[in-house]
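[1] mind looking at a prediction? Sequence and model below.
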Amino acid sequence: MSNPEKTERPAAGRTAAATLAGTTLEWYDFFLYGTAAALIFDKQFFPSLSPAAGTLAAFSTLAVGFVARPLGGLVFGHFGDRIGRKATLVVSLLLMGIGSTLIGLIPNYDSIGFWAPVLLVVLRIVQGIGLGGEGAGATLMSMEHAPEGKRNLYAGFPQMGTPAGLVLANLVFLGTNKLVGDGAFTAWGWRIPFVLSFVLVVVGLAIRLRVTESPSFHKVLEKDEVVRFPLAESLKVGFPRLSLTLLAVVANSAVAYVFMVFTLSYGSKELGYDKQFLILTVTGAAVLWFATIPVWTRVADRHGRRAMFLGGSLAILAWCAAFFPLLDTGRTALAVLALAGMGLIIPVTHCVQGSIIADTFPAHVRYSGSSLILQAGAILGGGLAPMISTALLNSGGSSAGVTWYLVAICAVSLVGATALFRLVPDGAPAGAPEAAAPAPEIGGEAWTTPR
């Protein structure tokens, strides 16, 4: 089995493109569900509940997918560390595509009653398992193929799939609505974007099957470093570093899901903004998010990502304090400013969080360890954020509680990141954060933790 000392640039570029395509399709499916949960599912699957309770129930099914993500992360992480990254990423894409397609075929509550929301939850779990396997694995595949000096740039390509998937989901959602009309879309047209997932996944598989296995995993096989229980081995990094890494990344997920999902429901139902205006504005903000990731990852490669990550964490905290006050004015210009600001600020930390997590672990347990942190952060942050925000809004009668919630979780992440970077000296290798040592190798090239 060949194991080149350095990844060739064409292979690295092909892998980066494949991970971007795959994560875009997976996030398309996941965000499609979030948009439908905010605007459609309360009427289709919980019609007997009040509007507020129906929205909360729909967001609860959204959270179920996040609860399932750690299961997917643990299963796919285990096999990704034992049999390789490529095969697990192919299976994760298939799971997501099948789950999403079947969601588009579920009869609604009026047709089969109680079983409609039950089937919705089951398929949401399938979605969550698929995405749980994708998140860490795609970042590792691209990062471990990266040419020298471009690790953050290549690790950022899969991160670009998040806003790209949101843009694709919202455009298909809006396009279908425009094509069939509001009444027909609410009744049955919302199913079309979900069924379309099948076609998109076939395209994604054709791209993903062409990539080569990670050079780092080749090296693990060469050195006979495959372990029987990689997750247990990954915990040897130590609780302080694991917990601080988790705290550092949890806010980004929470803020992103309030911005991408909760805002659609709150803005249309409570503030009276036009639904299509909100979706288009969030989509435009996601385009900014997508476009700026390569800029920030290049900054991280040239100047180090520690100061950038801390500055981005502080900027997100400040913008969260202003976000809902701007929305609550009811003025479309200020709403555009609020949402565009999120699109510009979120990528500063989002673009490097995958590589920060990955650099916590040595190559032979990196998939399992990264999945553990990433999915735990997704549950504590993004999975619960729309539901918590809805509950705070209903109990307090205003967005003030949601603002304080976001500010608090951003403060926790800022403190966590500051403590993490003080704990881990520059140049400390994964798995030994307390003392600097010669850096291990990734794909034949030395690597270190972030500056």
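    Nice, I can see it. Numbers count the residues shown, from 1 in each chain.

[2] remind me which residues of the stretch 301-450 of the chain are low pLDDT?
    Within the stretch 301-450 of the chain, the stretches with pLDDT under 70 are 425-450.

[3] that one: helices as residue ranges?
    Under the criterion DSSP state H, counting those that start in this stretch, the stretch 301-450 of the chain carries helices at the ranges 306-327, 332-358, 366-378, 385-396, 400-423.

[4] of all the ones you listed, which lies closest to V195?
    V195 lies closest to helix 385-396 among the helices of the stretch 301-450 of the chain, at 24.6 Å (CB to CB). Using the backbone N, CA and C atoms, a C-beta is placed for each residue, glycine as well.

[5] so what touches that closest one?
    Helix 385-396 is contacted from outside by 34, 37-38, 52, 55-56, 59-60, 62-63, 253-255, 257-258, 261-262, 265-266, 270, 399, 401-402, 405, using CB atoms under 8 Å, 6 or more residues apart in numbering.

[6] in ChimeraX, how would I select just the buried ones from those residues?
    Selection of the buried residues among the contacts of helix 385-396 in ChimeraX, burial being defined by 16 or more other CB atoms under 10 Å:
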select :34,37,38,55,56,59,60,62,63,253,254,255,257,258,261,262,265,266,399,401,402,405
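
[7] in helices, which of the contacts of helix 385-396 appear?
    Of those, the ones assigned to helices by DSSP state H are 34, 37-38, 52, 55-56, 59-60, 62-63, 253-255, 257, 265-266, 401-402, 405.

[8] pick the most deeply packed of the helices of the stretch 301-450 of the chain.
    helix 366-378 (a mean of 28; mean count of other CB atoms under 10 Å).

[9] same for that helix, what does it pack against?
    helix 51-82, helix 115-144, helix 230-234, helix 239-257, helix 332-358 (3 or more CB pairs under 8 Å, 6 or more residues apart in numbering; DSSP states H and E).

[10] could those be laid out in TSV, adding distance to N170?
    Listed next are the helices and strands packed on helix 366-378 as TSV, based on distance: least, CB to CB, whole Å:
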stretch	distance to N170
helix 51-82	16
helix 115-144	17
helix 230-234	35
helix 239-257	14
helix 332-358	12
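
[11] out of these, nearest to G284?
    Distance to G284, taken as CB to CB, is lowest for helix 332-358 among the helices and strands packed on helix 366-378, at 6.9 Å.

[12] what helices or strands is the closest one leaning on?
    Secondary-structure packing of helix 332-358 (3+ CB pairs under 8 Å, 6+ apart): helix 115-144, helix 151-180, helix 239-257, helix 275-303, helix 306-327, helix 366-378.

[13] reformat those helices as a markdown table; add distance to S48.
    Listed next are those as a markdown table, based on distance: least, CB to CB, whole Å:
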| stretch | distance to S48 |
| --- | --- |
| helix 115-144 | 11 |
| helix 151-180 | 25 |
| helix 239-257 | 27 |
| helix 275-303 | 23 |
| helix 306-327 | 30 |
| helix 366-378 | 31 |
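
[14] quick one, what contacts the residue nearest to A68 when sequence neighbours are not counted?
    Excluding the flanking residues, the one nearest A68 by CB to CB, 6 or more residues apart in numbering is G128, at 2.9 Å. Residues in contact with G128 (CB under 8 Å, 6+ apart) are 64-69, 71-72.

[15] what's the closest of those to M342?
    F66 (19.8 Å).

[16] chain neighbours aside, what residue packs nearest to the closest one?
    Sequence neighbours aside, G383 is the residue nearest to F66 in space, at 2.5 Å (criterion: CB to CB, 6+ apart).

[17] wouldn't that neighbour be in contact with A68 here?
    No. Shown here, G383 and A68 do not form a contact pair, counting by CB atoms under 8 Å, at 9.5 Å.

[18] so which of the two has more stuff around it?
    More neighbours surround G383 than the other of G383 and A68, with 26 against 23 (other CB atoms under 10 Å).

[19] contacts only, for that one.
    Residues near G383 by CB under 8 Å, 6+ apart: 62-63, 65-67, 69, 253, 257.

[20] ok, P325 to S398 distance?
    Distance from P325 to S398, counting by CB to CB, to the nearest Å: 10 Å.

[21] cool, C320 as well?
    To S398, C320 is 16 Å away according to CB to CB.

[22] which of the contacts of G128 lies closest to P193?
    Closest approach between those and P193, by CB to CB: G65, at 16.5 Å.

[23] what sits against the nearest residue to G416 once chain neighbours are set aside?
    Spatial nearest neighbour of G416, chain neighbours left out: L247 (2.8 Å); criterion: CB to CB, 6+ apart. If you count contacts by CB under 8 Å, 6+ apart, L247 has them with 412-413, 415-417, 420.

[24] was I right to think L120 contacts L102?
    No. Counting by CB under 8 Å, L120 stays clear of L102, with 9.9 Å between them.

[25] check contacts around R210.
    Listed by CB under 8 Å, 6+ apart, the contact set of R210 reads 14, 18.

[26] so it, which state does it fall into?
    Assigned state for R210: coil (three-state reduction, DSSP: H, G, I helix; E, B strand; the rest coil).

[27] hmm, back to that, do you know how far the residue nearest to G416 is from A18?
    Taking CB to CB, one finds L247 at 32 Å from A18.

[28] what of F30?
    Using CB to CB, F30 is found at 19 Å from A18.

[29] next one: Y257
    Distance, Y257 to A18, using CB to CB: 26 Å.

[30] ditto for F421
    With the distance defined as CB to CB, F421 ends up 32 Å from A18.

[31] report pLDDT for the residue nearest to the spatial centre of the chain.
    With distances taken as CA atoms, centre = their mean, T162 lies nearest the centre of the chain, 5.8 Å away. Reading off the confidence values, T162 has pLDDT 89.

[32] now for it: which residues touch it?
    Contact partners of T162, counting by CB under 8 Å, 6+ apart, are 23, 27, 256, 289, 350.

[33] 6 Å instead, please
    T162 sits next to W27 when contact means CB atoms under 6 Å, 6 or more residues apart in numbering.

[34] any idea how far it lies from I357?
    15 Å.

[35] over to G330?
    39 Å.

[36] how about A385?
    19 Å.

[37] ok, G382 next?
    Distance of G382 to I357, computed by CB to CB: 15 Å.

[38] which residues touch V299?
    Contacts of V299 (CB under 6 Å, 6+ apart): M308.

[39] just the element for V202, please.
    Per DSSP states H and E: V202 is located in helix 197-208.

[40] can you name every helix or strand that that helix contacts?
    When contacts are defined as 3 or more CB pairs under 6 Å, 6 or more residues apart in numbering; DSSP states H and E, helix 197-208 packs onto helix 9-39, helix 85-103.

[41] again, 10 Å this time
    When contacts are defined as 3 or more CB pairs under 10 Å, 6 or more residues apart in numbering; DSSP states H and E, helix 197-208 packs onto helix 9-39, helix 85-103, helix 115-144, helix 151-180.

[42] average pLDDT across whatever helix or strand comes next after the first one?
    Yep, that's helix 9-39 we're talking about. Going down the chain from helix 9-39, the next helix or strand is helix 41-45, by DSSP H and E. Taken as a whole, helix 41-45 carries a mean pLDDT of 86.
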